[in-house]
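> I would like to see how this sequence folds:
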Amino acid sequence: MKKYFSYSPNYGFEVHKTIEDAVLSAQEAISGYAEKAPEEDGEWDEEVESICYGEVFACATETIKDGASMYSLYSVDLNKELNG
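Prediction:
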């Protein structure tokens, strides 16, 4: 499981193997907005404030129990189910 993420309105949620890749992706997204600012009278699009990156702690993982598909949150580091 890739452990880091970046998010921007233009590219959505992306996962990365390293924190450096996540930071780079977020910085590139900000650069895209910076290039457009002069076209919009120097005003930045407010969407830029939602760009972020971080670490994934858990993700939904499919399991099959009694022949039925179920999803539970599993810790990325511990590979164990999280309750609540």
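> Could you give the backbone dihedrals for residue 25?
Per-residue torsions, residue 25: phi -60, psi -40 (degrees, to the nearest 10).
> An error on my part: the question was meant for residue 42.
Dihedral angles (degrees, to the nearest 10) for residue 42: phi 80, psi 0.
> Ok, the one 5 residues further on next?
Backbone torsions for residue 47, taken as degrees, to the nearest 10, come to phi -60, psi -30.
> Residue 11 versus that one, what's the distance?
Look at residue 47 and residue 11: by C-beta to C-beta, to the nearest Å, they are 11 Å apart. All C-beta atoms are positioned from the backbone trio N, CA, C, and that covers glycine.
> any common contacting residues for the two?
With C-beta atoms under 8 Å, 6 or more residues apart in numbering applied, the contact sets of residue 47 and residue 11 do not overlap.
> Run a quick neighbour tally on residue 37.
By other C-beta atoms under 10 Å, the residues close to residue 37 number 13.
> For it, which non-adjacent residue is closest in space?
Counting by C-beta to C-beta, 6 or more residues apart in numbering, residue 44 is the residue found nearest to residue 37 once chain neighbours are left out, at 5.1 Å.
> Quick check: the one you found is in a strand.
No - counting by DSSP: H, G, I helix; E, B strand; the rest coil, residue 44 is not part of a strand but coil.
> Enumerate every residue touching it.
Counting by C-beta under 8 Å, 6+ apart, residue 44 has contacts 33-34, 37.
> out of the residues you listed, who's nearest residue 72?
residue 33 (36.9 Å; C-beta to C-beta).
> who touches the helix or strand containing the closest one?
Using DSSP states H and E, residue 33 sits in helix 19-36. Residues outside helix 19-36 that contact it (C-beta under 8 Å, 6+ apart): 4-8, 10-11, 14, 16, 44-45, 47-48, 51-55.
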